[in-house]
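>>> starting from these lines, generate the structure:
(chains A and B)
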Amino acid sequence: MSTAVDLAFLTTWLAAGVRLSGPLLLAALGEIYAERSGVVNVGVEGTILLGALASYLVAVSTGSPALGLLAAMAAALAASLFLGLFYVVVQANQVVVGVVFNILALGLASVIYRAATGDTPQFSSTPMIEPLAIPGLADLPVAGPVLFQQSPMLYATLALALVGGVVLFRTRFGLNLRAVGENPRAAAAAGLRVTRMRLVGVLLSGLGAGLAGGYLVLCQIGLFRETIVAGRGFIALAIVILGRWNPFAAIAAAFAFGAADALGLSMQLLALPVPPQLFIALPYLMTVIAISGLFGRARSPAALMQPYRDE
Amino acid sequence: MRLVLTRRLAPLDGPLAFAALYAGAIGLAVALGGVLFLLFHADPLAAYLALISSAFLEWRGFGYTLVQATPLILVSLGTIVAWRSGFIYLGFEGALVVAAAAATAVALAAGPGGPLAALPGPGVIALALLAGAAAGMAWSMIVALLQVRTGGNAVLLALMTNYLAVLLVQFLVSGPMRAAGDQPQTALIDRAFWLPIVIEGTRAHAGILIALVLAIAVFLLMEKTAAGFELVAAGLNPRAARYGGIDVDRRILLAAIIAGALAGLAGAIDILGVHHRLLDGLSQGTGFVGIVAALLGRMTVPGSVVASLLYSGLTVGAEATQRHTGLPSAVIQVVQALIVLCLLGAEILRSHRLALVRSRPPRGAA
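Next comes the predicted model:
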């Protein structure tokens, strides 16, 4: 293989990796808020799906991707308010609620999609948010296509990650949120409303997941299918762990997963004599290795999954 | 006006209150489902009646309900053993499909010209079931070992292994185990190795008997033996159990072995009793629904058996209703999930009172 081909392969692969990491990062960023407040939101998988469906239906019917994105946010907020009630107010087992909610979301998405498109599903694609080449920088070799010819959603997501880091570690809100997730009793004694804070955490995680769903549909696929999410919500949970509940580190973790995902796509193009399932399995395998504790034990927020009731 | 939760002086623990809450929660979910039915212009009452009669009141339908309930019962038994021992396993889906592959491999090896061709039919069935149990066991041990040895997050690990298992089966049926033909699937298993039908005129096979026998075995294990007591003690309070001289890590591994074997049997039975060949998309969420059935049964064996029968009845009924009224069967999936959520939600009414309060309470009181 000549150097030129190598370089082209590298560029395609990395650019695809960055592209695929976008929705993962967005969902993971939201999840960080929930987990920092003490709630593991396993329902992100279902929330991404509902966000994707809402953005698809609204974007197709109005022709506006922006409205689609708004719809994804609205659907995700409603879903995560529902989830938050179960997590924080009812205080049912968080894993159980999340798993059952994912089943519910899958059923609901299928029902709503059928109700909206009729008995003969039409495969009309949505208007998409087109990639934005940043003048000047986009023409750089390798770095240009990888970093500067991406979707505006990606730039926004990266900005959100940076803002998220500042919010979590440099603002009063972030301090309060983390206090609730570390020691709710002490936080309550200091006058914080634990329940309300955790609800906010869950809502933010829902917002991230909903936007991730919109991102998938409006920037990457342009269609809706029930299998569109394919475990990305769970991978986002793994990114949170690998990123040590830190938005800055989550950027790197998300990119690692995006790159693993993209490696499969790029390798399939090379037509190597390797089963395609191996490449599809790569992100899941990476998740297992990442969270199996081989990289040292990650210290989660101390009150993660521990119920607390304001009295 | 706003809704306010206030703690009850004493939680509602009486059987009557309990039954009322359960009935109310299921009623609410069924009513919400009815609203969904209306969306598809179906008469809710007629739809529910058709659903119940096709799942429980007709022989064929009831037989099919038993067929569907079999893997659910087995997975819910596995859930009871694992979760009550503190091993929050969510990987039954993966254990089930991996076991299905193992059972298929054994049954195919016993076909004409295969290495096991000399074995008699019942021997092959037993060996295939054992292979399935062993495969399920090995699969659940991956997660258990990682949790015990390195402190990995069992919930996420198990979810990821589910995807890996499904991809593994996809690889097997499109590569090494693929039979000639258009579909990615293995050859059909010899009829001599199918599980015998136990109710004439239906598709109910001997798997349901295996499931019921194992239900009794698990009940005895968890309620009547020292080993079961240690498992539950390890789950209730690991620190206290350790202090009491119980090796919690070993209990978790034991729980994983039993749970994986039960899920593995579910997969093997589905191959020998229903599919008769390995194919992609074999388990449509059975591994998760089994967990839900165990929850609905409040983690007790009798409760889980009943919940499994009801849940599979709903599923069978949903398919029949879809054929009759055109109602998409996903609607029933929604109703099933709503039932679980309503039951989870009802829990809070046992310890709290929900009241409508006219004005905003003073700050800090909520």
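>>> which parts of chain B are strands?
B:2-7, B:352-357 (DSSP state E).
>>> all helices of the stretch 101-250 of chain B, in order?
Using DSSP state H, counting those that start in this stretch, the helices assigned to the stretch 101-250 of chain B run over residues B:121-150, B:154-174, B:207-224, B:226-236, B:238-243, B:248-270.
>>> what about the fifth one, near chain A?
It stands for helix B:238-243. No. Applying Cβ under 8 Å from any Cβ of the partner chain, one finds helix B:238-243 out of contact with chain A, separated by at least 14.8 Å. The C-beta positions use only the backbone N, C-alpha and C, and glycine is treated the same way.
>>> just give me the neighbour total for whichever residue of the stretch 101-250 of chain B sits closest to chain A.
Closest residue of the stretch 101-250 of chain B to chain A, Cβ to the nearest Cβ: B:T150 (3.1 Å). Neighbour count of B:T150, defined by other Cβ atoms under 10 Å in any protein chain shown: 15.
>>> hmm, B:Y22 and B:L343 touching each other?
Yes. Counting by Cβ atoms under 8 Å, B:L343 touches B:Y22, with 6.8 Å between them.
>>> for those two, indicate the residue with more neighbours.
A direct count of neighbours by other Cβ under 10 Å for B:L343 and B:Y22 places B:L343 higher, at 21 against 15.
>>> for the more buried one, which non-adjacent residue is closest in space?
Among residues not flanking B:L343 along the chain, B:A25 sits closest, at 4.8 Å (Cβ to Cβ, 6 or more residues apart in numbering or on different chains).
>>> in three-state terms, label the closest residue in space to A:V42 that isn't next to it in sequence for me.
Spatially, and ignoring its direct neighbours in sequence, A:V42 is nearest to A:G98 (2.5 Å; Cβ to Cβ, 6+ apart). Under DSSP: H, G, I helix; E, B strand; the rest coil, the three-state class of A:G98 is helix.
>>> tell me if I'm right that A:G98 and A:V39 touch.
No. Counting by Cβ under 8 Å, A:G98 does not reach A:V39; the two are 9.7 Å apart.
>>> ok, these two, which is more surrounded?
Comparing A:G98 with A:V39 by other Cβ under 10 Å, the one with more neighbours is A:V39, at 30 against 26.
>>> secondary structure class for that one?
Under three-state DSSP, A:V39 comes out as coil.
>>> I figured it hits A:V95, correct?
No. Using Cβ under 8 Å, A:V39 makes no contact with A:V95, being 11.1 Å away.
>>> so, in contact with chain B or not, the helix or strand hosting A:A256?
Using DSSP states H and E, A:A256 falls within helix A:247-270. No. For a cut-off given as Cβ under 8 Å from any Cβ, helix A:247-270 has no contacts with chain B; the smallest distance is 11.0 Å.
>>> residues contacting the helix or strand following that helix, please?
Sequence-wise, the next helix or strand downstream of helix A:247-270 (DSSP H and E) is helix A:276-291. Contact with helix A:276-291 is made by A:231, A:234-235, A:238, A:241-242, A:253, A:256-257, A:260-261, A:263-265, A:267-268, A:298, B:146, B:152-153, B:156-157, B:160-161, B:163-164, B:167-168, B:170-171, B:174, as judged by Cβ atoms under 8 Å, 6 or more residues apart in numbering or on different chains.
>>> related to what we said a few turns ago, quick one: the strands of chain B as JSON lines, columns for distance to chain A, mean pLDDT and mean neighbour count too.
Putting the strands of chain B into JSON lines (distance: least, Cβ to the nearest Cβ, whole Å; pLDDT from 0 to 100; neighbours: other Cβ atoms under 10 Å in any protein chain shown) gives the following:
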{"stretch": "strand B:2-7", "distance to chain A": "7", "mean pLDDT": "74", "mean neighbour count": "12"}
{"stretch": "strand B:352-357", "distance to chain A": "9", "mean pLDDT": "77", "mean neighbour count": "12"}
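>>> A:V288 versus the residue of the stretch 101-250 of chain B closest to chain A, what's the distance?
Plainly put, B:T150 is 11 Å away from A:V288 if you go by Cβ to Cβ, to the nearest Å.
>>> same check, this time on B:R84
According to Cβ to Cβ, B:R84 and A:V288 sit 25 Å apart.
>>> between these two, who's got more neighbours?
A:V288 (24 against 20).
>>> coming back round to it: give me the common contacts of A:G98 and A:V39.
Counting by Cβ under 8 Å, 6+ apart, A:G98 and A:V39 have no common neighbour.
>>> what's the burial count for residue 86?
You didn't pick a chain, so chain A it is. For A:F86, the count of nearby residues is 23 (other Cβ under 10 Å).
>>> let's do chain B instead
21.
>>> skipping adjacent residues, who's closest to it in space?
Going by Cβ to Cβ, 6+ apart, B:G86 has B:G235 as its nearest residue, at 3.7 Å.
>>> surely that neighbour and B:W83 touch.
Yes. In this structure, B:G235 is within contact of B:W83 by Cβ under 8 Å, at 7.2 Å.
>>> up against chain B, what does the stretch 151-300 of chain A have?
Within the stretch 151-300 of chain A, the positions lying close to chain B (Cβ under 8 Å from any Cβ) are A:193, A:231, A:234, A:237-238, A:241, A:275, A:277-278, A:280-281, A:284-285, A:287-288, A:291-294, A:297.
>>> now do 7 Å
Within the stretch 151-300 of chain A, the positions near chain B by Cβ under 7 Å from any Cβ of the partner chain are A:231, A:234, A:237-238, A:241, A:275, A:277, A:280-281, A:284-285, A:287-288, A:291-294, A:297.
>>> so which bits of the stretch 251-366 of chain B are right by chain A?
Counting by Cβ under 7 Å from any Cβ, the residues of the stretch 251-366 of chain B near chain A are B:288, B:291-292, B:295, B:328, B:330-331, B:333-334, B:337-338, B:340-341, B:344-345, B:347-348.
>>> sweet, I'm off.
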